[in-house]
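*Asks:* Please find the sequence and the predicted model below.
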Amino acid sequence: MGKAQKYVLLGDATYPLQDWILKPYQEDETLTQRQLQFNYRLKRAHSVIENAFLRLKARWQILLKCDDYSLELLPTLVLACCILHNICEAHDNPFNEEWLEGTEPTELPKPCQPAPAAMEDGRAEQVRELMCQYFESCGDG
């Protein structure tokens, strides 16, 4: 769309809209078709991320016991598992679907109530609108 953007994290409606947290538009009858399409694509992207983490936990079951580790160690542990996963894939040791048995998707902790409007960043709406336009220009999918 001709404007450089930095990376964003995907959030759901309970998180405040920030220029680094992309969240869906609030679902109501006033949403345009373009905004509904944006929400749909955001949910699809979120499900891809959830599936990736599920597969990562199935291959590296040490990640199922993250409560046993300090918060300082967790990013390194997850990164090491990602690197090892890529090495396995590169050396023709693909993911075994049977590993998913016994690995249940877990609901990650998140806020129970939507963030107050005062926490939202006004500039973030421009980022979301730009992404909405981009998704619209990509067509169906």
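*Replies:* That came through fine. Predicted model, so just to flag it, every value in this text is computed and none were measured. Residues are numbered from 1 along each chain as shown.
*Asks:* how about the helices of the chain, start to end?
*Replies:* Counting by DSSP state H, the chain has helices at residues 33-59, 74-90, 122-137.
*Asks:* and the last one, what does it pack onto?
*Replies:* For helix 122-137, the elements it packs on are strand 21-22, helix 33-59, judged by 3 or more Cβ pairs under 8 Å, 6 or more residues apart in numbering; DSSP states H and E. No exception for glycine: its C-beta is placed from N, CA and C like everyone else's.
*Asks:* now the angle between helix 33-59 and it, please.
*Replies:* Taking axes from the mean of the first three to the mean of the last three Cα atoms, to 10 degrees, helix 122-137 and helix 33-59 form an angle of 90 degrees between their directions.
*Asks:* tell me the mean pLDDT for helix 122-137?
*Replies:* Helix 122-137 shows a mean pLDDT of 86.
*Asks:* just how off-centre is stretch 9-23 within its chain?
*Replies:* 10 Å (Cα atoms, centre = their mean, to the nearest Å).
*Asks:* Just the terminal-to-terminal distance for it.
*Replies:* Start-to-end span of stretch 9-23 (Cα to Cα, to the nearest Å) is 9 Å.
*Asks:* Now that stretch: buried residues?
*Replies:* 11, 15, 16, 17, 18, 19, 21, 22, 23 (16 or more other Cβ atoms under 10 Å).
*Asks:* still on that earlier bit, kindly reformat the helices of the chain as TSV and extend each row with mean neighbour count and distance to residue 97.
*Replies:* Below are the helices of the chain laid out as TSV (neighbours: other Cβ atoms under 10 Å; distance: least, Cβ to Cβ, whole Å):
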stretch	mean neighbour count	distance to residue 97
helix 33-59	15	9
helix 74-90	12	14
helix 122-137	15	31
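*Asks:* Good, we can wrap up now.
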